[in-house]
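**Student:** with the sequence up front, the predicted model follows.
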2 protein chains.
Amino acid sequence: MAVTIVDVARYAQVGVGTVSRVINGANHVRPETRLRVEAVMHELGFHPNAHAGNLKRTRGSVRAIGYLFAADQRTLSDPFFSRLVLGMADAARELDYDIHIASCKDPSDELNALERMMRGNRIGGMVLTDTRVEDERITLLQQRGFPFVAFGRTGNMLASQTNAPHSLPYVDVDGCAGVRQAVSHLIAAGHRHIGFIALPMQLMCAQDRLDGYRQALKQARIRFNERYVVPGGLTEAAGEDAAQALLQLPTRPSAIVACSDVMAFGAMRAIQRCGMRVGTHGRNHVALIGFDDVPMAAHTTPPLTTVRQPIYDIGRDVVNMLVRQLTTGNAPLPPKLILPELIIRESA
Amino acid sequence: MAVTIVDVARYAQVGVGTVSRVINGANHVRPETRLRVEAVMHELGFHPNAHAGNLKRTRGSVRAIGYLFAADQRTLSDPFFSRLVLGMADAARELDYDIHIASCKDPSDELNALERMMRGNRIGGMVLTDTRVEDERITLLQQRGFPFVAFGRTGNMLASQTNAPHSLPYVDVDGCAGVRQAVSHLIAAGHRHIGFIALPMQLMCAQDRLDGYRQALKQARIRFNERYVVPGGLTEAAGEDAAQALLQLPTRPSAIVACSDVMAFGAMRAIQRCGMRVGTHGRNHVALIGFDDVPMAAHTTPPLTTVRQPIYDIGRDVVNMLVRQLTTGNAPLPPKLILPELIIRESA
DNA sequence: CCTAGACTTGGAAACGTTTCCAATTTCGTT
DNA sequence: AACGAAATTGGAAACGTTTCCAAGTCTAGG
């Protein structure tokens, strides 16, 4: 039915091996032969059958990347997810890889889903996000020797570092530096009582960002007061509750840093509901800084000052890194740490 | 390396054909044989190689579904995208299909990307969203005879209806009925001047929803005034601009229906900026109704009354329909129209 | 002009399934 | 008990690549 490599070979008067070499851009093909074969491929409208290739191929394994997302996580309706997937899809396309997406309902389902993805040779490697301090997914992948790249570090790495020369491959945003910038910005503006709305503590980035908060305080010789740190979640409601708790403290913070924009939106509501205003001027105001820089952050009233994570680029990086790992014989690559940028708007 | 069907056959003392039949749940296998083979598969930890299957299979073609999203569309950071993909992924998983995701930059890139997806036998069918009145993607898919299911109707269908017994396969929300409900609700509350913030008119659902607006007015014998209909977009900013335009009309509307929640959020801001309030009581208020029921709609102040689209279920339906089409010899299936529900909160 | 080595090339042998056909067994009827 | 139809089974032949190895063709150095 469809045009195959054999048709091309016959037409171009070469062997099938040669056509295969042309397709895969290998060397050891004389330029004029390559040109002739390429012309025939184009003329016949030939496009290689991905399944046949992936079936036989042993070098560089299957040209597809899996991404598993948890339905109960931030990904649900978060601007995050779309941007990340967009970056991944763009990078994959340029490399002629496919992206396979799968979902899992909740953490108990997660490892099963992961096993399912590794089976049957459907994908060559995995992308992981929302890494946790102790991440069973990573443990499983390591056990199986299955290639992956994570967005975010993990505590598992420490254990592996003793065995492997490199640590695990990851791309991450330096949340510590990001929060440090944010808090320092507030301190420079004269704030001394700064509330901090954290992320769920099992997430790796939660620790990281809390560290940034502590460091900034320490640098300015402000005593760390644990009452100013309240646990948050991934939802707007969590941010609202957390902010409300902060505003009811005896010495009310004059500024708040939230570990996600979505929580910052919730905090805005809480602030307004307490009869106060978000912003930097006046004594009735509470300064507010978010984290992520989702599109809506620029459109709130007032526009939200926030720490920008280049999510799209991270999606690209993760895929590029994974593909390089797959094509270079699974050698673990050095991790990549991205410095986030403080976007100063009107809320702080 | 891995366990193959041949290993299973040898171990279970049957032919490879029998094992294949067990895997595919075909009949013509004696129950006890099936049991024995299944036991061996489990014991050996066998999982079929998807590529080998997809390579050989002619019936029911490739067990993977493609979804192409445009980076410049709503999908960018819309809650929509995540929910839809979630539904698709869940349904696909249950049927043991893969979901392949690809992106394209803009409309000019769209058809190329579509061609690329159809090539190389990577996917068995496509899912389309954001259908347009005149949709080139559908034209292309039809030309190639490539299976697909669309979320949303299209004008192309009319042309095809003359050829095919069934129209094109789609799942859609009855936006006409949805808006009609919304507008009727406002009319019942006494509103006579109702603004309407539309979607870009090339989108099929834009027409549909505008029809609903007209019908509701007609039913209540209110004259249609085209000044109350303003063009919108897919962003919050578009909603804000549109609402502002409506509020500056000589006879200011006392209620507004926006064709998406995101635009409704923009409208809220515009209303507040004009010194008015969103809600139903008092003369200084403007009633507001959105469309979609994204999660945040329940958390705005005041909570947004809106027409709910069951996006998750739509994702599931679309995949189920496509798979049924693929497995039943590409017979076009009857389309499915979903009746949306008006969720009454406090904004109207 | 010769020869070793490097570059090119052809084509057969996988890869792990599904599908087909023919052979065998089972079952219900007469 | 015999018969035919239906159900079950085995196994070879694809599917369209990549990979490997042997063979052929250059190139440059002697």
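**Tutor:** That came through, no problem. Numbers count the residues shown, from 1 in each chain, chains lettered A, B, ... in the order given.

**Student:** can you list the residues of chain A near DNA strand D?
**Tutor:** For chain A, the residues in contact with DNA strand D under the definition CB under 7 Å from any atom of the strand are A:1-2, A:4-6, A:16-17, A:19-21, A:23-24, A:46-49, A:52-53, A:55-60. For the C-beta atoms, the positions are set from N, CA and C on the backbone; glycine is no exception.

**Student:** helices along chain A, start to end?
**Tutor:** Taking DSSP state H as the criterion, chain A carries its helices at A:5-12, A:16-23, A:31-44, A:50-56, A:79-94, A:107-118, A:136-144, A:156-163, A:175-188, A:204-219, A:236-247, A:261-273, A:311-327.

**Student:** low-confidence stretches in chain A?
**Tutor:** Applying pLDDT under 70 to chain A flags residues A:1, A:60, A:72-79, A:157-167, A:329-330.

**Student:** how far away is the residue nearest to the spatial centre of it from residue B:231?
**Tutor:** Taking CA atoms, centre = their mean, the centroid of chain A lies closest to residue A:151, which sits 4.1 Å from it. Residue A:151 is 39 Å from residue B:231, where distance means CB to CB, to the nearest Å.

**Student:** and for residue A:85?
**Tutor:** According to CB to CB, residue A:85 and residue B:231 sit 30 Å apart.

**Student:** those two: which is more packed in?
**Tutor:** Counted by other CB atoms under 10 Å in any protein chain shown, residue A:85 and residue B:231 do not tie: residue A:85 has more neighbours, with 26 against 14.

**Student:** please report phi then psi for residue A:63.
**Tutor:** Comment: the main-chain dihedrals of residue A:63 come out as phi -90, psi 60, following degrees, to the nearest 10.

**Student:** I'd say it and residue A:98 touch.
**Tutor:** Yes. Contact criterion CB atoms under 8 Å: residue A:63 and residue A:98 qualify, at 6.7 Å.

**Student:** what residues do those two have in common as contacts?
**Tutor:** When contacts are counted by CB atoms under 8 Å, 6 or more residues apart in numbering or on different chains, residue A:63 and residue A:98 are jointly contacted by residue A:50.

**Student:** more neighbours, these two?
**Tutor:** Under the neighbour definition other CB under 10 Å, residue A:63 and residue A:98 were set side by side, and residue A:98 has more, 27 against 20.

**Student:** so who does the more buried one touch?
**Tutor:** Contacts for residue A:98 (CB under 8 Å, 6+ apart) come out as A:50, A:63-65, A:92, B:100, B:102, B:122.

**Student:** can you name the residue of the stretch 1-150 of chain A nearest to DNA strand C?
**Tutor:** Among the residues of the stretch 1-150 of chain A, residue A:17 lies nearest to DNA strand C; the distance is 2.3 Å by CB to the nearest atom of the strand.

**Student:** most proximal residue of the stretch 201-348 of chain A with respect to DNA strand D?
**Tutor:** At 10.8 Å from DNA strand D, residue A:327 is the closest residue in the stretch 201-348 of chain A, using CB to the nearest atom of the strand.

**Student:** any idea how many residues pack against that residue?
**Tutor:** Residue neighbour count, defined by other CB under 10 Å, stands at 14 for residue A:327.

**Student:** please apply the same query to residue A:125.
**Tutor:** Residue crowding around residue A:125 was assessed by other CB under 10 Å; the count is 24.

**Student:** ok, it touching residue A:63?
**Tutor:** No. Applying CB under 8 Å as the test, residue A:125 and residue A:63 come out as separate, 10.2 Å apart.

**Student:** show me the contacts for residue A:116.
**Tutor:** Contacts were defined as CB under 8 Å, 6+ apart; by that measure residue A:116 touches A:102, B:93.

**Student:** so what's the closest residue in space to residue A:149 that isn't next to it in sequence up against?
**Tutor:** Among residues not flanking residue A:149 along the chain, residue A:322 sits closest, at 4.3 Å (CB to CB, 6 or more residues apart in numbering or on different chains). Each residue near residue A:322 by CB under 8 Å, 6+ apart is listed here: A:65, A:125-127, A:147-149, A:169.

**Student:** and what of residue A:150?
**Tutor:** A:127-129, A:131, A:138, A:168-171, A:318.

**Student:** ok, residue A:287 touching residue A:254?
**Tutor:** Yes. Contact between residue A:287 and residue A:254 holds when scored by CB under 8 Å: they sit 6.7 Å apart.

**Student:** looking at those two, which is more packed in?
**Tutor:** Taking residue A:287 and residue A:254 together and counting by other CB under 10 Å, residue A:287 has the greater number of neighbours (24 against 18).

**Student:** okay, and the beta partners of that one?
**Tutor:** With DSSP bridges as the criterion, residue A:287 is bridged to residue A:255.

**Student:** any idea how far it is from residue A:278?
**Tutor:** Summarising the geometry, the distance separating residue A:287 from residue A:278, computed by CB to CB, is 8 Å.
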